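J.: Take a look and give me a structure for this.
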Amino acid sequence: GHTRPALLAPLVHMGVGGLATRPIARALGWSPSTVAHQISRLGRHCLLFQARELERIRNLGEIVIDGFESFEYSQYHPFHHNVAIEVESGYFLMHTDSPLRRKGRMTTHQKQRRLDLEMKLGRPARDAVRVGIRELLEPLAARCDTLTIRSDDHRAYPPAMRQLDCRVIHQVTSSKQRRDDRNPLWEVNLADLMIRHSTAAHKRETIAWAKRRQASAEKLAIFQVWRNYVKRRWEKGPAESSAMIKGLATRLLRIRDVLSHRRFRQQIELPPCWSRYYDRRVETPALGVNRIHTLTYAY
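T.: The predicted structure follows:
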């Protein structure tokens, strides 16, 4: 695989610019497997980068959470990327995932197909969203005595919040309310729009959907660092990022700044869900092979 850092910056920009793996491979003259391998490496690096940055946060304002829905392998395997955004700065704080059961209108054939797959591969846990939201909020709750959370009226959210070791103020906004910039959930709705706009796998009609939830999480980690530190908060506004507003950066970073030195897993504590991402332990049951990350020296 390629190890020249100068080639990784175009890879990141293409990845957050809506290009799928094969178009990136054609543009860079790499094989698709090399692109996938390098994206995985970048994803692990960004998990460590963002975890170290979260350790620096001292004051946490109101946050807004949501479940961004997508699917892996096929539409019979939907999942949520649970995301948490700070309202004032737009800083992308955390993300976890929750596998879901396919729902909505289905033909008789589709219902039978779903049943057959569940008999063969198992059914996602009923409390997957609650567990994913708890894992999303626990690292944030550990940083404050009181956590003010905005969300829609998803019924799995309150039970998850009751498991946190801090006081929670929960402000609920109906998911049916108009989703403009006057909506209290605007910042997370905007993040959802940006994820869908910037990532080929999550566009509404695409043949580039995620084959593995694990790989989708790695790409989301890259998007998270890019959005927080490299991208302007507002395209037509001042040259400042969400990280600058949050006091975590003094200027817009370039990709080469993010990749300026190596991060070591043994020196940085990762939240439990991110630790699973780093080890590549999130399995896609529909695929027979799910290789974990077990390198000895380059871990």
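
J.: measure Lys103 to Arg114 for me?
T.: Between Lys103 and Arg114 the computed distance is 10 Å (Cβ to Cβ, to the nearest Å). Where C-beta positions appear, they are placed from N, C-alpha and C, glycine not excepted.

J.: ok, the residue nearest to Leu100 when sequence neighbours are not counted - contacts?
T.: Leaving aside its sequence neighbours, Leu100 sits nearest to Pro78 (Cβ to Cβ, 6 or more residues apart in numbering; 4.5 Å). Residues near Pro78 by Cβ atoms under 8 Å, 6 or more residues apart in numbering: 69-71, 99-103.

J.: Poorly predicted segments of the stretch 101-250 of the chain, please.
T.: Within the stretch 101-250 of the chain, no range satisfies pLDDT under 70.

J.: all strands in it, in order from the N-terminus.
T.: 146-151, 167-172 (DSSP state E, counting those that start in this stretch).

J.: Switch those over to JSON lines; also include mean neighbour count.
T.: Below are the strands of the stretch 101-250 of the chain laid out as JSON lines (neighbours: other Cβ atoms under 10 Å):
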{"stretch": "strand 146-151", "mean neighbour count": "19"}
{"stretch": "strand 167-172", "mean neighbour count": "13"}
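
J.: Export those to JSON lines and append columns for distance to Leu259.
T.: Formatted as JSON lines, these follow (distance: least, Cβ to Cβ, whole Å):
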{"stretch": "strand 146-151", "distance to Leu259": "32"}
{"stretch": "strand 167-172", "distance to Leu259": "37"}
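
J.: Which entries within the contacts of Pro78 meet the buried criterion?
T.: 70-71, 99-100, 102 (16 or more other Cβ atoms under 10 Å).

J.: and of these, the nearest to Leu54?
T.: Of all the buried ones among the contacts of Pro78, Leu54 sits closest to Ser70, with 23.8 Å by Cβ to Cβ.

J.: Pairing partners for the closest one in the sheet, please.
T.: Phe79 (DSSP bridges).

J.: okay, it: pLDDT?
T.: We have a pLDDT of 94 for Ser70.

J.: contacting residues around it?
T.: With Cβ under 8 Å, 6+ apart, Ser70 has these contacts: 78-81, 201-202, 209-210, 216.

J.: let's go with 7 Å and repeat that
T.: 79, 81, 201-202, 210, 216 (Cβ atoms under 7 Å, 6 or more residues apart in numbering).

J.: so who does Met161 touch?
T.: Met161 neighbours (Cβ under 7 Å, 6+ apart): 137, 149, 168, 170.

J.: The second one and Trp226, how far apart?
T.: When Cβ to Cβ is the yardstick, Ile149 and Trp226 sit 25 Å from each other.

J.: how near is Val131 to Val188?
T.: Counting by Cβ to Cβ - Val131 and Val188 are separated by 19 Å.

J.: and the nearest residue to Arg204 once chain neighbours are set aside, how many residues sit next to it?
T.: Distance criterion Cβ to Cβ, 6+ apart; nearest residue to Arg204, sequence neighbours excluded, is Arg196 at 7.4 Å. By other Cβ atoms under 10 Å, 15 other residues sit near Arg196.

J.: how close does Arg196 get to Lys176?
T.: With Cβ to Cβ as the criterion, Arg196 and Lys176 are 20 Å apart.

J.: Repeat that for Val83.
T.: 20 Å.

J.: give the contact list for the residue nearest to the spatial centre of the chain.
T.: By Cα atoms, centre = their mean, the chain has its centre lying nearest to Leu220, at 3.9 Å. Leu220 sits next to 81, 95 when contact means Cβ under 7 Å, 6+ apart.

J.: got the contact list for the helix ranked longest in the chain?
T.: Across the chain, the longest stretch assigned as helix under DSSP state H is helix 32-55. Defining contact as Cβ under 7 Å, 6+ apart, one finds that helix 32-55 is touched by 1-2, 8, 11-12, 15, 21-22, 24-25, 139, 215, 218-219, 221-222, 224-225, 248, 258-259, 263, 265, 268-270, 274, 277-278.
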